[in-house]
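Engineer: Predicted structure and sequence below. I'll ask about it afterward.
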Amino acid sequence: GDSVTQTEGPVTVSESESLIINCTYSATSIAYPNLFWYVRYPGEGLQLLLKVITAGQKGSSRGFEATYNKETTSFHLQKASVQESDSAVYYCALGDDSGYNKLTFGKGTVLLVSP
Amino acid sequence: GGIITQTPKFLIGQEGQKLTLKCQQNFNHDTMYWYRQDSGKGLRLIYYSITENDLQKGDLSEGYDASREKKSSFSLTVTSAQKNEMAVFLCASRRQGGEVFFGKGTRLTVV
């Protein structure tokens, strides 16, 4: 079946340091997968951070970016300089191409940014 | 903007009990979803609905029923709660071609 594997947390970085959270996927039943990063801040609901629906393209939001690499089946999340407010749980997700956007999620990565 | 409201926030049930979780959205979205999250695992799709009175099974539908009597609401029933079960249930909605929005979840504990 389809699956997503991401960096196991918690990941702890200091403010202003760079960040990478790895995500790889297996899309055995999806011809043209869409890729997403979702984030859950403390006390909030899960929300979309960024998405890319075309292989080779890069998505970006709030200083984060991720490139859809079909060759390596990866969608790593990066940020050049994190802030304390980036502390949250990050989920990589794979969307199907049925039109109904059924999502397959990774386990989530807890990010802790220390001041 | 809109909001997805899930009730209750916390649900404690007994083994074998039938339990119902409710979800309301005021986005006027067509598609709604129920996901389950267990500790240390990703979210898994239980049921989804593409319009009022439509129900589609996800990967984890066994042991659950769902109901979509109105466009704005989508309920999930645990048909027989399993002892020591603990999970968070997330409701979500989406308009065609748009972003998926999630509620804050219902945390279930079965004693």
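Structural biologist: That came in fine, so what should we check first? Residues are numbered from 1 along each chain as shown, chains lettered A, B, ... in the order given.

Engineer: CA atoms for contacts and neighbours, from now on please.
Structural biologist: OK.

Engineer: Next one: the residue nearest to B:K9 when sequence neighbours are not counted, what pLDDT does it get?
Structural biologist: The spatially closest residue to B:K9, leaving aside those adjacent along the chain, is B:T106, at 4.5 Å (CA to CA, 6 or more residues apart in numbering or on different chains). According to the prediction, B:T106 has pLDDT 97.

Engineer: near chain A, which residues of chain B?
Structural biologist: B:31, B:40-45, B:50, B:96-97, B:99-105 (CA under 8 Å from any CA of the partner chain).

Engineer: Quick check: PyMOL command selecting the buried ones in those.
Structural biologist: Only the buried entries of the residues of chain B next to chain A go into this PyMOL selection, using 16 or more other CA atoms under 10 Å in any protein chain shown:
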select buried, chain B and resi 31+42+43+44+45+50+100+101+102+103+104+105
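
Engineer: What lies in contact with stretch A:44-52?
Structural biologist: Contact with stretch A:44-52 is made by A:34-40, A:58-62, A:65, A:67-68, B:99-105, as judged by CA atoms under 8 Å, 6 or more residues apart in numbering or on different chains.

Engineer: Let me see the contact set for the most centrally placed residue in chain B.
Structural biologist: Taking CA atoms, centre = their mean, the centroid of chain B lies closest to B:W34, which sits 3.3 Å from it. Contact analysis of B:W34 by CA under 8 Å, 6+ apart lists B:45-48, B:76, B:89-92.

Engineer: Among those residues, which one lies nearest to chain A?
Structural biologist: Within the set of these, B:L45 lies nearest chain A; the separation is 7.5 Å, counting by CA to the nearest CA.

Engineer: what is the closest one paired to in the beta sheet?
Structural biologist: B:Y35 (DSSP bridges).

Engineer: how about it, what does it touch?
Structural biologist: By CA under 8 Å, 6+ apart, the neighbours of B:L45 are A:102-104, B:33-36, B:58-61.

Engineer: and if we set it to 7 Å?
Structural biologist: B:34-36, B:58-60 (CA atoms under 7 Å, 6 or more residues apart in numbering or on different chains).

Engineer: Strands of chain B, residue ranges please.
Structural biologist: Using DSSP state E, the strands of chain B run over B:4-7, B:10-13, B:19-25, B:31-37, B:43-49, B:56-57, B:64-70, B:73-78, B:86-94, B:101-102, B:106-110.

Engineer: thinking again about what came up before, filter the contacts of B:W34 to the buried ones?
Structural biologist: B:45-48, B:76, B:89-92.

Engineer: for stretch B:16-26, the distance to its chain's centre please.
Structural biologist: 7 Å (CA atoms, centre = their mean, to the nearest Å).

Engineer: An error on my part: the question was meant for stretch B:74-83.
Structural biologist: The answer for stretch B:74-83 is 10 Å, by CA atoms, centre = their mean.

Engineer: Could you export it as CSV, CA atoms only?
Structural biologist: The C-alpha trace of stretch B:74-83 is given here as CSV (Å, rounded to 0.1, in the frame of the first residue of the first chain):
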residue,chain,number,x,y,z
PHE,B,74,-20.7,14.2,9.5
SER,B,75,-20.9,11.8,12.5
LEU,B,76,-18.9,8.7,13.3
THR,B,77,-20.0,5.8,15.5
VAL,B,78,-17.7,3.4,17.2
THR,B,79,-19.9,0.3,17.1
SER,B,80,-18.3,-1.5,20.0
ALA,B,81,-15.5,0.2,21.9
GLN,B,82,-12.5,-1.9,22.6
LYS,B,83,-11.0,-2.0,26.1
